[in-house]
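Visitor: Pasted the sequence and its predicted model underneath.
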Amino acid sequence: MSFDLRNAINAISDVVQNRPPPLREFDQIYMKVADMVIQAEYVARVFDNKDIVFVGDGDGIALSAAHLKAQNVVDYGPKSITLLDFDERIVKSVQRFGEKLAPHVTISAELYNVADPLPSGHFGAFDGFHINPPWGASNGGSSVTAFFERGSQATKENSLGIVVIADDPDLPWTQSVLRDTQSRAIELGYVVAEMQPQLHLYHLDDNPDLRSCSCLFRRIDPACMDPSSKPLDPGRLQNFYGRNSPLKVKYVRQKDTLNPDRESDRLYTLETMEGQ
Ligand SMILES: C[S@@+](CC[C@H](N)C(=O)[O-])C[C@H]1O[C@@H](n2cnc3c(N)ncnc32)[C@H](O)[C@@H]1O
């Protein structure tokens, strides 16, 4: 791997500038810039010339990987990227930036909540997936496997999946979630192809030293693939974003201001799931 560091950081800086403010209540906690460069270059390399789905991506790793290619910082990268996210602010910001990258990488983004079955048009459609889900400290990793299952359902037989989750050997919950994620991945027909431990840091005031790893899974047994995509079991929605913080919001909606010269005082509204 060799690339111009200044050009790479300037490219990622464009993406950072485009991101909406993170909402802590939904575990949106953004990755630090140097670690975004590392992850985006890795994504561009692993998914070179492939059609990729990101299930959630507040960090902007999808756009970063595409922008590194578009700016000729690297001469590899995904052929197309589709983002599925429940936050309309993120979806729209990716669509907006993605238009500029169109000659180099095809970018699309749409609203989707992992509690819902995967839209049929995306089932088995992609070469690989990328997730950085809620890390599952209070739900035994169930939020991680929920995102993993959607990524798995969205990909073809010989797919790859990159999973970014907490990894701190001194925090037992991170190691349990890592083990349980690998165990679920094996049930779904994957092996761990690569593991980069304790790789990234985040803008997380109450735990600035908490790191995540990047784990690459390769599907070796298509017989274990889910035959269909079903709603998440209601029991799995509990503690989804932390203790007593269930998944009950269907979409975060962007609130557009009528006066383009002024910010509205609240930039989003919450649309709850039916029956919540
Ligand atoms: C949970 S955050 C994890 C932290 C990550 N560093 C970030 O801030 O993007 C990852 C992404 O998942 C999205 N997300 C959260 N809950 C979701 C849900 N129920 N369905 C789909 N996407 C979701 C968030 O909007 C965010 O873009």
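Guide: Nice, I can see it.
Visitor: alpha carbons only for contacts and neighbour counts from here, please
Guide: Fine.
Visitor: where does the nearest residue to residue 35 once chain neighbours are set aside land on pLDDT?
Guide: Leaving aside its sequence neighbours, residue 35 sits nearest to residue 200 (CA to CA, 6 or more residues apart in numbering; 5.3 Å). For residue 200, the pLDDT comes out at 98.
Visitor: how about residue 200, what does it touch?
Guide: 31-32, 35-36, 211-213 (CA atoms under 8 Å, 6 or more residues apart in numbering).
Visitor: Apply 6 Å and report the result again.
Guide: 35, 211-212 (CA atoms under 6 Å, 6 or more residues apart in numbering).
Visitor: Provide a ChimeraX selection command restricted to the buried entries of those.
Guide: Paste this into ChimeraX to select the buried members of these, with burial taken from 16 or more other CA atoms under 10 Å:
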select :211,212
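Visitor: and the contacts of residue 200, which of them are in strands?
Guide: Cross-referencing the contacts of residue 200 against strands under DSSP state E gives residue 212.
Visitor: got the contacts of residue 200 as CSV, with distance to residue 99 columns?
Guide: Shown next, in CSV, are the contacts of residue 200 (distance: CA to CA, whole Å):
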residue, distance to residue 99
35, 25
211, 32
212, 30
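Visitor: Looking at the protein, which helix is longest?
Guide: If you go by DSSP state H, the chain has its longest helix at helix 172-187.
Visitor: Give me the contact list for that one.
Guide: So helix 172-187 is in contact with 141, 166-167, going by CA under 6 Å, 6+ apart.
Visitor: go with 7 Å
Guide: 136-137, 140-141, 145, 166-169, 224 (CA atoms under 7 Å, 6 or more residues apart in numbering).
Visitor: got the CA coordinates for the next helix or strand after that helix in PDB?
Guide: Per DSSP states H and E, the first helix or strand lying C-terminal to helix 172-187 is strand 190-200. Extracted C-alpha coordinates of strand 190-200, given in PDB (Å, rounded to 0.1, in the frame of the first residue of the first chain):
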ATOM      1  CA  TYR A 190     -18.400 -17.500   6.800                       C
ATOM      2  CA  VAL A 191     -14.800 -17.800   8.000                       C
ATOM      3  CA  VAL A 192     -12.600 -15.000   9.300                       C
ATOM      4  CA  ALA A 193     -10.300 -14.100   6.500                       C
ATOM      5  CA  GLU A 194      -8.400 -11.200   8.100                       C
ATOM      6  CA  MET A 195      -8.500  -9.500  11.500                       C
ATOM      7  CA  GLN A 196      -7.000  -6.100  12.200                       C
ATOM      8  CA  PRO A 197      -7.300  -5.600  16.000                       C
ATOM      9  CA  GLN A 198      -7.800  -2.300  17.900                       C
ATOM     10  CA  LEU A 199      -7.500  -0.300  14.700                       C
ATOM     11  CA  HIS A 200      -9.800   2.800  15.100                       C
END
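Visitor: Noted, bye for now.
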